[in-house]
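[1] here are the coordinates; sequence isn't available:
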């Protein structure tokens, strides 16, 4: 009974303290200084308790020493996950970083934390040195072992990363977690832990063990057994994180939502189609639109504002990791603050669709997603040329599509339309093809969109890409090699002059323009202009009150100086040229 009670006590206090730390770390950042101040007081009291009990080899002394050792460790966890004591690096690695450089960056993210643990361990040993009661010291050391071993294993790769427990201010650490079935270190970690557990358990169950030794070694046996259990929970196909879900209650009450994603290559007509979706939406359903423009000065968010939905802009879209991290963080914020019933997402035209699908599979989001609707918009008039140039990109995108919105069918003849349709059927014979003009399809289909759950193979592709993401292997997301440029326009442009500029750009005077979008005053009104699929358009625009004249350009071989001169005519440029890998 003595041993059983000690083990139950150890398990309970370990679980309760873990939940409490997760809860405190999930509160708003302004509370952290108060939480850490309280934890500091508790830690000082615990260190004093270790000192007082170092020569107390009684059952009571064992209980106090074990509790003090565990609470002294709690300060290390709180200070790190609150972002108070971490390391000099506060961002994830570049997408192609790997090997020793990646490992070095990982160390930098928690260097001060690790040094604080070493200093605390030295202090604990010094306070209990030479004492008959070393239970608290060994408790601290076992927790340190659990921490270091688990940390190395998630870096090298395990099945269950439990990313949902990372607070928002530490989401950059996800770039250092790798998803694999197992890694080569894991068997050694479990074996070493098992050997230590057996040795300690033998001391607890020894026939000549005193009551103090039975209780003390039972505490240590329980902690080592937990170390083994925690390691197996990293690799077994089980929802291990549910054990600590009570700690997530501090992160707000999020409710389930339906996700609807509109993807497509540059200029396919995603924004136009999304406006159709919004126009057909039930106004009683709270809807939020998340827009990701590939450029510094976004255009699409402004075009969607006023369409009976809250529009949240996510600028500077990147093809893979940055997009994933930004969207996950923004989605969590939107879900907690606005609690929508429906979230519509329009990623940039060069986004990696598989990585975006992986976002919806993230542990912190997946339980909240009731359904995923995926619309893949195809420019029928540009597909012939685009598919020849970007075969891999379109193949990956098309494989994931439960339905194609084949847009701009009015711009091609029957023979070319049939060829495009047959090509899409060849890539994905299960996908539905919905012909569209100016983004308009059957209104009934807008309210009953293509659910991703109907495509088990697509879901498998998402999981596969999710694995690649954490391993920094992006061969499933073909590099497009585009650059982008954003400019503010300092003065009005007459319609005729704007048309002449666009015609020169279509002719290739400043490089190959894949997509151009802009807004500019002209005379007494405003114009919205774009280039897509090698065609230029100019339309009348109703500006918002705070509208800013601007243009966003995506392409290859862009002539920065010529574009700046063409659109700004000597005005001070605000431009950025980014090579996209």
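    Nice, thanks for sending it over. Being a predicted model, the structure only gives us computed values, none of them experimental.

[2] in stretch 53-68, what counts as buried?
    53-54, 56-59, 61-68 (16 or more other CB atoms under 10 Å). Just so you know, the C-beta spots here come from the backbone N, C-alpha and C atoms, and that holds for glycine as well.

[3] oops, could you answer that again for stretch 87-96 instead?
    For stretch 87-96, by 16+ other CB under 10 Å, it's 87, 89, 92, 93, 95.

[4] the third one should be in a strand, yeah?
    Yep, that's residue 92 we're talking about. No. The assignment for residue 92, made by DSSP: H, G, I helix; E, B strand; the rest coil, is coil rather than a strand.

[5] start at 43, not 1
    That works, and once the first residue is 43, the last one we named lands at residue 134.

[6] list phi and psi for it.
    phi -70, psi 170 (degrees, to the nearest 10).

[7] does it touch residue 214 like I think?
    Yes. Assessed by CB atoms under 8 Å, residue 134 is found in contact with residue 214 at 4.5 Å.

[8] related to what we said a few turns ago, tell me which of the buried residues of stretch 95-110 is nearest to residue 174?
    residue 99 (4.4 Å; CB to CB).

[9] for the closest one, give me its contacts.
    Taking CB atoms under 8 Å, 6 or more residues apart in numbering, we find residue 99 in contact with 174, 175, 252, 254.

[10] for the third one, give me phi and psi.
    Looking back up the chat, that one is residue 252. phi -80, psi 170.

[11] strands of the stretch 493-623 of the chain, start to end?
    Listed in chain order, the strands of the stretch 493-623 of the chain (DSSP state E, counting those that start in this stretch) span 525-530, 554-564, 567-574, 577-583, 592-598, 620-621.

[12] and the fifth one, average pLDDT?
    It stands for strand 592-598. Mean pLDDT, computed over strand 592-598, is 86.

[13] repeat for the shortest one
    Within the predicted structure, the mean pLDDT of strand 620-621 is 39.

[14] chain center to the strand or helix carrying residue 255, what's the gap?
    Here residue 255, judged by DSSP states H and E, is contained in helix 253-277. Chain-centre distance of helix 253-277: 34 Å, with CA atoms, centre = their mean, to the nearest Å.

[15] how about the strands of the stretch 493-623 of the chain in TSV, adding mean neighbour count?
    Output for the strands of the stretch 493-623 of the chain, formatted as TSV (neighbours: other CB atoms under 10 Å):
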stretch	mean neighbour count
strand 525-530	22
strand 554-564	22
strand 567-574	20
strand 577-583	14
strand 592-598	23
strand 620-621	13
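
[16] among the ones you listed, which is nearest residue 80?
    The nearest among these, by CB to CB, is strand 620-621 at 45.3 Å.

[17] how about the helices in the stretch 443-592 of the chain?
    Using DSSP state H, counting those that start in this stretch, the helices of the stretch 443-592 of the chain run over 456-469, 485-489, 498-512, 537-548.

[18] go on, the stretch 93-242 of the chain?
    101-123, 141-151, 153-170, 177-198, 227-246.

[19] and the contacts of the shortest one?
    This means helix 141-151. 128-132, 135, 139, 156, 197, 214-215, 218, 514.

[20] can we see that at 10 Å?
    Contacts with helix 141-151, where a contact means CB atoms under 10 Å, 6 or more residues apart in numbering, come from 122, 128-136, 138-139, 156, 193-194, 197-198, 212, 214-215, 217-220, 514.

[21] returning to what we had before: looking at the helices of the stretch 93-242 of the chain, which is closest to residue 298?
    helix 101-123 (26.7 Å).

[22] let me know the average pLDDT across that closest one.
    94.

[23] can you name every helix or strand that it contacts?
    helix 44-67, helix 74-94, helix 153-170, helix 177-198, helix 253-277 (3 or more CB pairs under 10 Å, 6 or more residues apart in numbering; DSSP states H and E).

[24] and with 6 Å instead?
    Under the contact definition 3 or more CB pairs under 6 Å, 6 or more residues apart in numbering; DSSP states H and E, helix 101-123 sits against helix 44-67, helix 74-94, helix 177-198, helix 253-277.

[25] how about those helices in JSON lines, adding mean pLDDT and mean neighbour count?
    Below are these laid out as JSON lines (pLDDT from 0 to 100; neighbours: other CB atoms under 10 Å):
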{"stretch": "helix 44-67", "mean pLDDT": "91", "mean neighbour count": "17"}
{"stretch": "helix 74-94", "mean pLDDT": "95", "mean neighbour count": "17"}
{"stretch": "helix 177-198", "mean pLDDT": "94", "mean neighbour count": "21"}
{"stretch": "helix 253-277", "mean pLDDT": "93", "mean neighbour count": "21"}
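
[26] want to try TSV for those helices, with distance to residue 164 as columns?
    Formatted as TSV, these follow (distance: least, CB to CB, whole Å):
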stretch	distance to residue 164
helix 44-67	23
helix 74-94	12
helix 177-198	11
helix 253-277	20
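
[27] residue 425: which of the ones you listed is closest?
    Here helix 177-198 is closest among the helices and strands packed on helix 101-123 (CB to CB), at 42.6 Å.

[28] which elements pack onto the closest one?
    helix 101-123, helix 153-170, helix 227-246, helix 253-277.

[29] 10 Å - rerun?
    So helix 177-198, by 3+ CB pairs under 10 Å, 6+ apart, packs with helix 44-67, helix 74-94, helix 101-123, helix 141-151, helix 153-170, helix 227-246, helix 253-277.

[30] before we move on, back to that, in its sheet, what does the helix or strand just after the helix holding residue 255 sit against?
    Sequence-wise, the next helix or strand downstream of helix 253-277 (DSSP H and E) is strand 299-306. Strand 299-306 pairs in its sheet with strand 384-388 (parallel), strand 411-421 (parallel), by DSSP bridges.

[31] among those, which is the most enclosed?
    strand 384-388 (a mean of 25; mean count of other CB atoms under 10 Å).

[32] now that one: mean pLDDT?
    For strand 384-388, mean pLDDT rounds to 86.

[33] low-confidence stretches in the chain?
    Scanning the chain for pLDDT under 70 picks out the ranges 137, 281-283, 293-296, 334-351, 354-369, 391-394, 405-406, 494-523, 611-623.

[34] so residue 310 makes contact with residue 428?
    Yes. Applying CB atoms under 10 Å, one finds residue 310 in contact with residue 428, separated by 9.1 Å.

[35] what touches both of these two?
    420, 421, 575.

[36] reformat the residues you listed as TSV; add distance to residue 561.
    Shown next, in TSV, are the shared contacts of residue 310 and residue 428 (distance: CB to CB, whole Å):
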residue	distance to residue 561
420	26
421	22
575	20
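
[37] show me which of the contacts of residue 99 is closest to residue 319.
    residue 175 (67.7 Å).

[38] now, among the buried residues of stretch 95-110, which is nearest to residue 187?
    Nearest to residue 187 among the buried residues of stretch 95-110, with distances taken as CB to CB, is residue 108, at 15.8 Å.

[39] pull up the gap between the closest residue to the closest one other than its chain neighbours and residue 180, please.
    Nearest residue to residue 108 in three dimensions, chain neighbours excluded: residue 261, at 4.4 Å (CB to CB, 6 or more residues apart in numbering). Look at residue 261 and residue 180: by CB to CB, to the nearest Å, they are 9 Å apart.

[40] which neighbours do these two share?
    107, 108, 111, 242.

[41] I'd like to know how many residues surround the last one.
    Counted by other CB atoms under 10 Å, the residues lying close to residue 242 total 22.

[42] now do residue 218 against residue 125, distance only.
    With CB to CB as the criterion, residue 218 and residue 125 are 15 Å apart.

[43] the two - which one has more neighbours?
    Neighbours per residue, other CB under 10 Å: of residue 218 and residue 125, the larger number sits with residue 218, 21 against 15.

[44] hmm, who's touching stretch 541-548?
    With CB under 10 Å, 6+ apart, stretch 541-548 has contacts from 535-536, 551-555, 558, 560, 569, 571-573, 576-580, 593, 595, 597, 604-605, 608-609.
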